[in-house]
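J.: The following comprises the amino acid sequence and a computationally predicted model.
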Amino acid sequence: MAKPQKHVFVCSQTRPSGHPRGSCSQKGCNEVLQTFWQELQRRNLFDRISVTYSGCLGPCDGGPNVVVYPEGVLYRGLTKGDVAAIFDEHLLGDKPVERLRAPADVWG
């Protein structure tokens, strides 16, 4: 397996319904994760990009949360419709998608 140039982590944290922090699972993270995997396969980028589900990334109230390394860019409130832009602009174009980024005070 080749070392990926970019690594995408999609929060898949699950908490009980009504938990005060909420969870990305309750906000549609599985659909976002599946769309990342579909795009990865469709574009055949397995040698450059890895997509992994993760536990809590921190700011649960704004999920689904996704972080891209090595840059450490946190995206929040994503939908499956945002995934193609992240692939095109950030993962392939090396420019984070500013409109989807978490504010600096969330995860600075």
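T.: Yep, it's here.
J.: P59 touches R76, doesn't it?
T.: Yes - the pair P59 / R76 is scored as a contact, 6.3 Å apart, by Cβ atoms under 8 Å. From N, CA and C alone the C-beta is placed, and that goes for glycine too.
J.: Comparing these two, which shows the higher neighbour count?
T.: Ranked by neighbour count (other Cβ atoms under 10 Å), P59 and R76 place R76 first, with 24 against 19.
J.: tell me the pLDDT at the more buried one?
T.: Here, the pLDDT recorded for R76 equals 93.
J.: okay but it is in contact with C60, surely?
T.: No - contact between R76 and C60 fails when scored by Cβ under 8 Å: they sit 9.7 Å apart.
J.: quick revisit: got any residues that touch both of P59 and R76?
T.: The contact sets of P59 and R76 overlap at 65, 102, 106 (Cβ atoms under 8 Å, 6 or more residues apart in numbering).
J.: Check for me that the last one belongs to a helix.
T.: No - the assignment for V106 by DSSP: H, G, I helix; E, B strand; the rest coil gives coil, which leaves it out of any helix.
J.: got the contact list for the closest residue to G55 other than its chain neighbours?
T.: Spatial nearest neighbour of G55, chain neighbours left out: Q13 (5.6 Å); criterion: Cβ to Cβ, 6 or more residues apart in numbering. Going by Cβ under 8 Å, 6+ apart, Q13 touches 23-25, 29, 55-57, 60, 63.
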